[in-house]
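**Q** Need coordinates for the following:
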Amino acid sequence: MVKKFLLVLPLCTALLAAAPPPNSIIGSKLPEFSIEDQYERIWKSSSFRGRATVFVLTDREGYEYSTNWTKALVTRFKDSPVRFVPVADVQIVPGFLKGLIRGKFQDEFKYSILLDWEGVLVNALNVAKGVPNLVIVDKHGIIQHTAYGQGTRSQVEGFAQRLNQLLAAG
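**A** Presented below is the predicted three-dimensional model:
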């Protein structure tokens, strides 16, 4: 009996780590924000109006699954008006290490990564921990769809289909 419990415990922990966010944000407006990227350029919520935007939010644990989503989606939608915006959940970084972490992001990524030091977007968008979270915001700033997970083929395909539907609707 104890062995069965010990085998089930890691599975339960994994399921809880990727549990769905408790409140739906679909239909709500993207919150107002002002967040710096690794180059200290300031990005505001108004910077993303006028075009469909997919925010890809991830924490350190979920980062390893990010390319499962982005490699396929960015390639598939490269000729569309959709803009992909990576957001790093860096709330746990102590203040004295921010410069070091910013430098590591500069070394690793030549494109902008929004560094969410205060959890402004991560908390407002109800992000599930330990996995990438994708949020589609329409050109008017309204949240239309959310997804999260390890980026299995079916998850990515379902997300792509929903994004295509939203693009077709205008």
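**Q** The helix or strand hosting residue 144 - contacts with which helices or strands?
**A** Residue 144 is part of strand 143-148 when elements are defined by DSSP states H and E. For strand 143-148, the elements it packs on are strand 133-137, helix 153-169, judged by 3 or more C-beta pairs under 8 Å, 6 or more residues apart in numbering; DSSP states H and E. No exception for glycine: its C-beta is placed from N, CA and C like everyone else's.
**Q** For those, state which one has the densest average packing.
**A** strand 133-137 (a mean of 24; mean count of other C-beta atoms under 10 Å).
**Q** That one - what's its average pLDDT?
**A** Averaging the model's pLDDT scores along strand 133-137 yields 97.
**Q** One more: stretch 155-170?
**A** For stretch 155-170, the mean per-residue pLDDT is 94.
**Q** pull the CA atoms of it into CSV?
**A** What follows is stretch 155-170, C-alpha atoms only, in CSV (Å, rounded to 0.1, in the frame of the first residue of the first chain):
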residue,chain,number,x,y,z
GLN,A,155,-1.8,21.4,-27.4
VAL,A,156,0.1,23.4,-30.0
GLU,A,157,-2.2,22.4,-32.8
GLY,A,158,-5.3,23.4,-30.7
PHE,A,159,-3.8,26.7,-29.9
ALA,A,160,-2.8,27.3,-33.6
GLN,A,161,-6.4,26.5,-34.7
ARG,A,162,-7.8,29.0,-32.2
LEU,A,163,-5.4,31.7,-33.3
ASN,A,164,-6.3,31.0,-36.9
GLN,A,165,-10.0,31.4,-36.0
LEU,A,166,-9.4,34.7,-34.3
LEU,A,167,-7.3,36.0,-37.2
ALA,A,168,-10.0,35.0,-39.7
ALA,A,169,-12.6,36.8,-37.6
GLY,A,170,-10.6,40.0,-37.8
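**Q** distance between that stretch and the chain's centre?
**A** Centroid separation between stretch 155-170 and its chain, computed with C-alpha atoms, centre = their mean, to the nearest Å, is 16 Å.
**Q** Now do that stretch: everything it contacts.
**A** The list of residues contacting stretch 155-170 from outside it, by C-beta atoms under 8 Å, 6 or more residues apart in numbering, reads 52, 54, 68-69, 72-73, 76-77, 80-82, 134, 136, 138, 144-145, 147, 149.
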